[in-house]
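got a structure for you, letters missing:
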């Protein structure tokens, strides 16, 4: 069987680079004292969300549909948790919603296979 190479659009490349940059700066926050003050469970959960977001960006980078699905799942889990601890970030919601819109726009061009 021949593998079809899908060319990644520049807009998706830009979104992924911004996402990777966000991950690099948010990962050290997992170990910060301010995150620890939110509860014993929150640093581990926050670290898991950051890791899942990183994995989803890798999926989108490789033009895989599961990357978009994983990103949407991580977004909603993160927002539910932030609402529960009363720490809503409206700028983050706007950027993540914009990223989701861009990813969904290219969803049909992405590969179904792992």
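On my side now, so go ahead. On a predicted model such as this, the values are computed, not experimentally measured, just so you know.

contacts, neighbours, all on C-alpha from now
Fine.

any stretches of this protein with poor pLDDT?
The chain contains residues with pLDDT under 70 at 1-6.

now do the helices in it.
All helices of the chain, identified by DSSP state H, fall at 10-26, 33-36, 42-61, 65-84, 90-105.

list the buried ones in the fourth one?
Judged by neighbour count (16 or more other Cα atoms under 10 Å), helix 65-84 contains these buried residues: 65-72, 74-75, 78-79.

same check on the shortest one?
Under the neighbour-count criterion of 16+ other Cα under 10 Å, helix 33-36 has residue 35 buried.

so what touches that helix?
29, 42-43 (Cα atoms under 8 Å, 6 or more residues apart in numbering).

measure the closest residue to residue 111 other than its chain neighbours to residue 7 for me?
Once flanking residues are discounted, residue 111 sits nearest to residue 64: 4.8 Å by Cα to Cα, 6 or more residues apart in numbering. Distance, residue 64 to residue 7, using Cα to Cα, to the nearest Å: 12 Å.

likewise for residue 33?
Residue 33 is 42 Å from residue 7, where distance means Cα to Cα.

what does residue 63 give?
Taken as Cα to Cα, the span from residue 63 to residue 7 is 8 Å.

which one's more surrounded, those two?
residue 63 (25 against 10; other Cα atoms under 10 Å).

phi first, then psi, for the more buried one.
phi 60, psi 50 (degrees, to the nearest 10).

surely it meets residue 13?
No: here residue 63 does not reach residue 13: they are 10.0 Å apart, not a contact under Cα atoms under 8 Å.

so residue 99 touches residue 15, yeah?
Yes: the pair residue 99 / residue 15 is scored as a contact, 6.5 Å apart, by Cα under 8 Å.

which one is residue 114 nearest to, not counting chain neighbours?
residue 64 (7.0 Å).

surely that neighbour is in contact with residue 104?
No: using Cα under 8 Å, residue 64 is not in contact with residue 104, being 11.5 Å away.

so between these two, which is more surrounded?
Shown here are residue 64 and residue 104; by other Cα under 10 Å, residue 64 has more neighbours (22 against 16).

residues touching that one, list them.
110-114.

ditto for residue 16
57-58, 60-61.

out of these, who's nearest residue 89?
residue 57 (20.4 Å; Cα to Cα).

that concludes my questions; thank you for your assistance.
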